[in-house]
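[1] next input, structure requested:
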Amino acid sequence: MSAMSQLSLLGRTPNGYSYARLMEYSEQLVARTAQAGSANDAQIATRVLQDVSLYRHWELGHERLMRGVASMRQRSLQSLELKRITFLTLHRKAPFEYLRNRQVTGQARRQLVRALFGTQRYTTCILREHTEYLSSACSYFCSDSLCEDLMQEPAFSEALAQYESSYSEYYRAYCDSLLAEQSGETSPMQALLPYLRYQLKIIRDHMLSGVSSQQSEFTKLQALYNKVGDTQRLPVLRQQ
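    Residues are numbered from 1 along each chain as shown. Model (predicted):
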């Protein structure tokens, strides 16, 4: 069998993967994750698979993302678009993760939702954010796996795990500062937020560029971030 025929059977053109192959891989990955993924990912995948409306919501959103990837004819451009999608979906799932992990309840929760989304429709917003969290989380681990497996970029996936931890630290500090402000107080981390935002941008730019760490600010900035994250204890939230 010729190399061209082998690529055709894989659903990949000489320059990249087809939309059908990207969706097939993603759908199979969600099913596999429900059976054998990490505890959190398995719970998310199972929830989406068991709810027809949730699954359709994820499928429609993921289809749009994968069509964008498939429209890039060169494999290198497909890989870059997938990397961008991992950041997009990682950031999109952050609000509900914060509410869940920090167990913000009562009036503090309502105030934070209003500060983050600028809406008075609390119940509607929470339901929407939960749906977006599940959908974004599924697309996130699909895109990450597509980068590592199909695009053969394990180094990116390894760096992404570190970035996710760093972004979670930043977003927690950001939301804590919003809650402190609502209470008339000032978070000890508030002054660091602009620096941390800039730092995360530099790290994202580095990960998207493919430039070696010796030729960028990545290593220095990551070391500084790790130092901040390791030495600063975030305050316990007051629940109102």
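
[2] residue 172 is in contact with residue 98, isn't it?
    Yes: Residue 172 lies in contact with residue 98 (C-beta atoms under 8 Å); the separation is 6.2 Å. Glycine gets a C-beta too; all of them are placed from N, C-alpha and C.

[3] find me the pLDDT at residue 235, would you?
    pLDDT, residue 235: 42.

[4] ugh, wrong one, residue 131
    For residue 131, the model assigns a pLDDT of 95.

[5] repeat that for residue 185.
    Looking at residue 185, the pLDDT reads 76.

[6] where does this protein dip in pLDDT?
    Within the chain, the segments meeting pLDDT under 70 span 1-14, 210-240.

[7] mind listing the strands for it?
    Remark: strands assigned in the chain by DSSP state E are 12-13, 16-17.

[8] would you mark the buried spots in stretch 138-157?
    Under the neighbour-count criterion of 16 or more other C-beta atoms under 10 Å, stretch 138-157 has 138-148, 150-151, 153, 156-157 buried.

[9] so how far is that stretch from its chain's centroid?
    Its chain's C-alpha centre and that of stretch 138-157 lie 12 Å apart, by C-alpha atoms, centre = their mean, to the nearest Å.

[10] what about the closest residue to residue 65 other than its chain neighbours, neighbour count?
    In this structure, residue 65 finds its nearest non-sequential neighbour in residue 85, 5.3 Å apart by C-beta to C-beta, 6 or more residues apart in numbering. Other residues within reach of residue 85, judged by other C-beta atoms under 10 Å, total 22.

[11] how far away is residue 85 from residue 94?
    15 Å (C-beta to C-beta, to the nearest Å).

[12] likewise residue 47?
    18 Å.

[13] which one's more surrounded, those two?
    residue 94 (21 against 16).

[14] contacts only, for that one.
    167-168, 171 (C-beta atoms under 8 Å, 6 or more residues apart in numbering).

[15] all helices of this protein, in order?
    For the chain, applying DSSP state H gives helices covering 3-9, 19-36, 39-50, 52-70, 75-92, 94-102, 106-117, 122-145, 154-182, 193-209, 218-231.

[16] tell me which other helices or strands the fifth one touches.
    Taking 3 or more C-beta pairs under 8 Å, 6 or more residues apart in numbering; DSSP states H and E as the contact definition, the neighbouring helices and strands of helix 75-92 are strand 16-17, helix 52-70, helix 122-145, helix 154-182, helix 193-209.
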